[in-house]
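**Q** Okay, structure incoming, though there's no sequence with it:
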């Protein structure tokens, strides 16, 4: 997953505008999840919780769901979820 993520990150500028937006939404959610939760204030904690809910959801009710974005960008949703969880566990273990 990290190699695939970094490869797509480098191509970010070449993506269509809507895909750049999708990639930004996905990146923001992942970065929120991977933050040190102990450093979060109440507002950030809400954003982190909402990002986690969005990532874990299989909803397809609108165009910017986690599953729809993953598929549009060529990521396998379940594999990306597992990779995010693995990275979050690794980071939690280092604190």
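**A** Yes, it's here. Note that the structure is a prediction, hence the values are computed from the model and not measured.

**Q** can we go C-alpha only for contacts and neighbour counts from here?
**A** Fine.

**Q** pLDDT averaged over the strand or helix carrying residue 45 - what is it?
**A** In this assignment (DSSP states H and E), residue 45 forms part of helix 42-56. For helix 42-56, mean pLDDT rounds to 91.

**Q** for that helix, which positions count as buried?
**A** 45, 48, 51-52, 54-55 (16 or more other C-alpha atoms under 10 Å).

**Q** Under the pLDDT cut-off, which ranges of the chain? List them.
**A** 1-15, 36-40, 94-95 (pLDDT under 70).

**Q** Name the residue closest to the centre of it, please.
**A** With distances taken as C-alpha atoms, centre = their mean, residue 30 lies nearest the centre of the chain, 3.2 Å away.

**Q** That residue reaches residue 84, doesn't it?
**A** Yes: here residue 30 reaches residue 84: they are 7.1 Å apart, a contact under C-alpha atoms under 8 Å.

**Q** Next, find the distance separating residue 55 from residue 31.
**A** 12 Å (C-alpha to C-alpha, to the nearest Å).

**Q** which residue ranges form the helices in the protein?
**A** 2-10, 17-34, 42-56, 66-73, 77-93 (DSSP state H).
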